[in-house]
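Asker: I would like to see how this sequence folds:
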Amino acid sequence: MAKLTFNELAYNNLDEFIYGYAKKPVTFKNGMVIGNGIVYPELNVTLPPISINESTMKKVLSQYKEMITGACEKAIKLHAPGIIVEIELLPPCTFNPQWGIDVAKVVKDVLREYEGQGLKSLLRLTPVDIREGNDLVHMYHGEHWDKVMKTFQGSAEVGADMLAIESVGGKHLHDEAVMNCDLPKALFALGVVGAKDMEVLWTNIVKIAKETGSVASGDTACGFGNTSMVLAEKNFIPRVFAAIDRVMCAVRTMVAVECGATGPDKDCGYEGVYLKAITGTPISMEGRTSACAHSSSVGNIVGALCDCWSNESVEFQRMLGGMAPTVYMEQLIYDCRLFNTFTALGQAKIYQDVMVASDKKLDPHAYILDPKVVLDLSAKIIKGKTTFERTKIAAQATIEELKRGIAAKELDVTEREVNYLDILEQQLATVPDDEAQFTAEMIKNNTNDKFDPKQYDL
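Answerer: I've put the predicted structure just below:
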């Protein structure tokens, strides 16, 4: 299948670039439409610490059933117009595909039961990308690849409405780049290795989705951009590096859409705002309600463009208000009620402006999520003809925009952060324009024994 190309922005009017509305809404079999005016809550749940094996699978399935039942009961009580449940499978449930398929079936069966009571719902199923480790033969064939594909296929066949993944192609390189604040290596990991991996992976996921009647929703650079963001939040790396890295991630993540994914893009991909700007696909975002999983400085501004509102992931644990998944479903529903009420009152733009203003000035990562900044940077990114060119443009354009914002006093950062912008710009200047030359240089100088170019057919 030929890749789609996006050479123009989906949005030319900033007033139209808002939460709840996407240029390309996605309609599901049960009538739910994502991106057509209603923001839906997306609950992401996971198990408490437990050994997953043959002897514990009955208990595992029972806990998933109990989690989703409690969440659905709460959704009916609070009159939710519809809900989304995401299951990010734990590693044993992808290494053993039938276990993952059984989880998908149990969850979908509960959702079907409550659909009978009037609660519309969707299941997003996210196998873990197990394509790493010393026993990996190849990224695109062999045991690891086969198990990921079998988990997708089987889960879709038992009713998963959306297929998603947090893919890891190039992650070993990127981890090293982040720890050393090495922008050229991050560019290689995302714009060359990661982009190539995304094309192969998502061509296959889209094929499975078409065969099974499910929806290929999208990827996320969680293992890349979120790693940078969380490390910056802990002051291990500069915050400006994490912000630049996030915009670069957008080019890699967009490859899924170029291969046929339709959205809604996955919640922990904060770069989804750039996908929405360029491709028009709806996106899921996570903010203040994801504090159960990780801290950030972008808790409000991420809501400015969301079409689904998620909590990242919460364990099945008891809280004073009830079991945690049920509690978080309540929080998500109330957040979405605010989104949708502002829209119904014709005040969505005011609410968006408040969310943006509350975070934008305080952190570089928040700054690059401002809808105006997103459109400005996206317009520059699409001038590139390849993912490599676009990733390089994303880095340079973000550096320039951060410098402009700091000079205009629209962004507050420390002097250390300002100095790092100059250092990173100098690093980027060493990257040649020729992708083949750059790739050859990066492979020749590679010292990361976890990265084997042959596993990627490089």
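Asker: angles on the backbone of the nearest residue to residue 259 once chain neighbours are set aside, please.
Answerer: Spatial nearest neighbour of residue 259, chain neighbours left out: residue 202 (3.9 Å); criterion: CB to CB, 6 or more residues apart in numbering. The C-beta positions use only the backbone N, C-alpha and C, and glycine is treated the same way. Backbone dihedrals for residue 202, given as degrees, to the nearest 10, come out at phi -80, psi -20.
Asker: give me the residue at the spatial middle of the protein.
Answerer: Closest residue to the average C-alpha location of the chain: residue 269 at 2.2 Å, with CA atoms, centre = their mean.
Asker: residue contacts, that one?
Answerer: Each residue near residue 269 by CB atoms under 8 Å, 6 or more residues apart in numbering is listed here: 218, 219, 220, 221, 222, 225, 249, 253, 275, 283.
Asker: how about the secondary structure of it?
Answerer: With DSSP: H, G, I helix; E, B strand; the rest coil as the basis, residue 269 sits in coil.
Asker: related to what we said a few turns ago, ok, the contacts of residue 269 vs residue 50, which is closest?
Answerer: For the contacts of residue 269, the minimum distance to residue 50 (CB to CB) is 22.3 Å, reached by residue 222.
Asker: surely the closest one meets residue 168?
Answerer: No: counting by CB atoms under 8 Å, residue 222 sits too far from residue 168 to count as a contact (9.6 Å).
Asker: more crowded one of these two?
Answerer: The neighbour comparison of residue 222 against residue 168 (other CB atoms under 10 Å) goes to residue 222, with 23 against 20.
Asker: OK, contacts around the more buried one?
Answerer: So residue 222 contacts 166, 266, 268, 269 (CB under 8 Å, 6+ apart).
Asker: what about the third one, neighbour count?
Answerer: Here the neighbour count serves as a burial measure; for residue 268 (other CB under 10 Å) it reads 28.
Asker: buried residues in stretch 428-444?
Answerer: By 16 or more other CB atoms under 10 Å, the buried positions in stretch 428-444 come out as 428, 431, 435, 438, 439, 441, 442.
Asker: report the separation between the two terminal residues of it.
Answerer: One end of stretch 428-444 to the other measures 18 Å (CA to CA, to the nearest Å).
Asker: coming back round to it: measure the residue nearest to residue 259 to residue 231 for me?
Answerer: 27 Å (CB to CB, to the nearest Å).
Asker: so for these two, which sits in the more crowded spot?
Answerer: residue 202 (25 against 17).
Asker: quick one: mean pLDDT over stretch 106-113.
Answerer: For stretch 106-113, mean pLDDT is 98.
Asker: just the CA trace of that stretch, in PDB.
Answerer: Provided in PDB are the C-alpha atoms of stretch 106-113 (Å, rounded to 0.1, in the frame of the first residue of the first chain):
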ATOM      1  CA  VAL A 106     -13.100 -10.500  29.000                       C
ATOM      2  CA  VAL A 107     -13.000  -6.700  28.800                       C
ATOM      3  CA  LYS A 108     -15.000  -6.600  25.600                       C
ATOM      4  CA  ASP A 109     -17.700  -8.900  27.000                       C
ATOM      5  CA  VAL A 110     -18.200  -6.600  30.000                       C
ATOM      6  CA  LEU A 111     -18.400  -3.600  27.700                       C
ATOM      7  CA  ARG A 112     -21.000  -5.400  25.500                       C
ATOM      8  CA  GLU A 113     -23.000  -6.200  28.600                       C
END
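Asker: quick one: that stretch to chain centroid distance?
Answerer: 25 Å (CA atoms, centre = their mean, to the nearest Å).
Asker: OK, contacts around the closest residue in space to residue 288 that isn't next to it in sequence?
Answerer: Nearest non-adjacent residue to residue 288, counting by CB to CB, 6+ apart: residue 299, 3.6 Å away. Neighbour list for residue 299: 287, 288, 290, 291, 359 [criterion: CB under 8 Å, 6+ apart].
Asker: mind listing what the fourth one touches?
Answerer: Okay, so that is residue 291. residue 299.
Asker: about what we covered before: with distance to residue 40 added, can I get the contacts of residue 269 in a markdown table?
Answerer: Output for these, formatted as a markdown table (distance: CB to CB, whole Å):
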| residue | distance to residue 40 |
| --- | --- |
| 218 | 15 |
| 219 | 20 |
| 220 | 18 |
| 221 | 23 |
| 222 | 21 |
| 225 | 24 |
| 249 | 24 |
| 253 | 21 |
| 275 | 18 |
| 283 | 12 |
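Asker: most neighbours among those residues, which one?
Answerer: Going by other CB under 10 Å, residue 219 tops the contacts of residue 269 with 33 neighbours.
Asker: okay, that one and residue 131: tell me how far apart.
Answerer: Distance from residue 219 to residue 131, by CB to CB: 13 Å.
Asker: and what of residue 146?
Answerer: For residue 146, the distance to residue 131 - CB to CB - is 11 Å.
Asker: comparing these two, which residue is more hemmed in?
Answerer: Between residue 146 and residue 131, counted using other CB under 10 Å, the more crowded position is residue 131 (24 against 11).
Asker: count of neighbours near the nearest residue to the more buried one once chain neighbours are set aside?
Answerer: Using CB to CB, 6+ apart and skipping the chain neighbours, the partner closest in space to residue 131 is residue 144 (4.7 Å). Counted by other CB under 10 Å, the residues lying close to residue 144 total 21.
Asker: same check on the one 10 residues further on?
Answerer: When counting by other CB under 10 Å, one arrives at 21 neighbours for residue 154.
Asker: per-residue confidence at it?
Answerer: For residue 154, the predicted pLDDT is 98.
Asker: doesn't residue 401 make contact with residue 368?
Answerer: Yes: using CB under 8 Å as the test, residue 368 is close enough to residue 401 to be in contact (7.3 Å).
Asker: show me where the stretch 101-250 of the chain has helices.
Answerer: Counting by DSSP state H, counting those that start in this stretch, the stretch 101-250 of the chain has these helices, from start to end: 143-157, 171-180, 183-188, 195-212, 227-233, 239-258.
Asker: so which of these gets nearest residue 28?
Answerer: helix 195-212 (12.4 Å).
Asker: what angle separates that closest one from helix 239-258?
Answerer: Using axes from the mean of the first three to the mean of the last three CA atoms, to 10 degrees, the direction of helix 195-212 lies 40 degrees away from that of helix 239-258.
Asker: give me the buried positions along helix 195-212.
Answerer: 195-209, 212.
Asker: show me what contacts residue 422?
Answerer: Residue 422 neighbours (CB under 8 Å, 6+ apart): none.
Asker: switch to numbering from 252
Answerer: Taking 252 as the first residue, the last one we looked at is residue 673.
Asker: now the helix or strand hosting it: buried residues?
Answerer: Element membership for residue 673 (DSSP states H and E) is helix 666-679. By neighbour count on 16+ other CB under 10 Å, the buried set for helix 666-679 is 668, 671, 672, 675, 676, 678, 679.
Asker: neighbours of residue 632, just the number please.
Answerer: With other CB under 10 Å as criterion, residue 632 counts 25.
Asker: meant to ask about residue 300, not that
Answerer: Residue 300: 6 neighbours (other CB under 10 Å).
Asker: what's the spacing between it and residue 294?
Answerer: Counting by CB to CB - residue 300 and residue 294 are separated by 20 Å.
Asker: sounds good, over and out.
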